[in-house]
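Asks: generate coordinates for the sequence data below:
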Amino acid sequence: MLRIQVIPRGDENFYHILRQKIDNEAKTFVWAGKKKLRLRHVQPARGGQIRMRDADGVLVADTFQGDQIVGAFIAGLAAWFPGEIAAINIQVLIENTTK
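Replies: Predicted coordinates for the structure are as follows:
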């Protein structure tokens with residue numbers, strides 16, 4: 001699983017900004033559920049879903065069921081919000097299989 005953190009420039013709540021963008025303007029991403037916490041790409045070839053949450057204004061997004069959606073998601077963020085993003089961090093989460 002990959003975790004993406006989007007750090008906003010200034011005091012804006014990036015999670016709310018992104019939700020508004022997807023609700024009103026996005027054509028390549030749609031909500032996968034009624035609660036609007038999971039995002040999916042409209043092209044099946046991208047595969048997977050992104051589960052998003054707010055962490056004090058920082059967007060935290062975890063990928064599920066495939067990581068090909070990550071490239072499209074990050075490209076969309078860079079195109080939609082060139083002045084609002086201070087940093088995008090990507091973490092690879094490795095599950096501990098030994099107990």
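
Asks: roughly how far does Gly10 sit from Glu95?
Replies: Distance from Gly10 to Glu95, counting by CB to CB, to the nearest Å: 35 Å. Quick note: C-beta positions are derived from backbone N, CA and C, even for glycine.

Asks: which of the two has more neighbours?
Replies: Gly10 (9 against 5; other CB atoms under 10 Å).

Asks: so that one lies in a strand, does it not?
Replies: No - counting by DSSP: H, G, I helix; E, B strand; the rest coil, Gly10 is not found in a strand; it is coil.

Asks: could you check the pLDDT of it?
Replies: pLDDT recorded at Gly10 is 88.

Asks: for it, give its distance to Asp23.
Replies: For Gly10, the distance to Asp23 - CB to CB - is 22 Å.

Asks: and Leu18, what does it touch?
Replies: By CB atoms under 8 Å, 6 or more residues apart in numbering, Leu18 lies in contact with Val6, Met52, Leu59, Leu77, Phe81.

Asks: nearest spatial neighbour of the third one, skipping sequence neighbours?
Replies: The one in question is Leu59. Of all residues not flanking Leu59 in the chain, Val6 sits nearest, at 4.0 Å (CB to CB, 6 or more residues apart in numbering).

Asks: count of neighbours near that neighbour?
Replies: 24.

Asks: sort out for me which of the contacts of Leu18 are in helices.
Replies: Among these, DSSP state H puts Leu77 in helices.

Asks: ok, of the contacts of Leu18, which one's closest to Arg46?
Replies: Nearest to Arg46 out of the contacts of Leu18 is Leu77 (CB to CB; 14.7 Å).

Asks: quick one: the closest one and Glu84 touch, right?
Replies: No - judged on CB atoms under 8 Å, Leu77 makes no contact with Glu84 at a distance of 9.2 Å.
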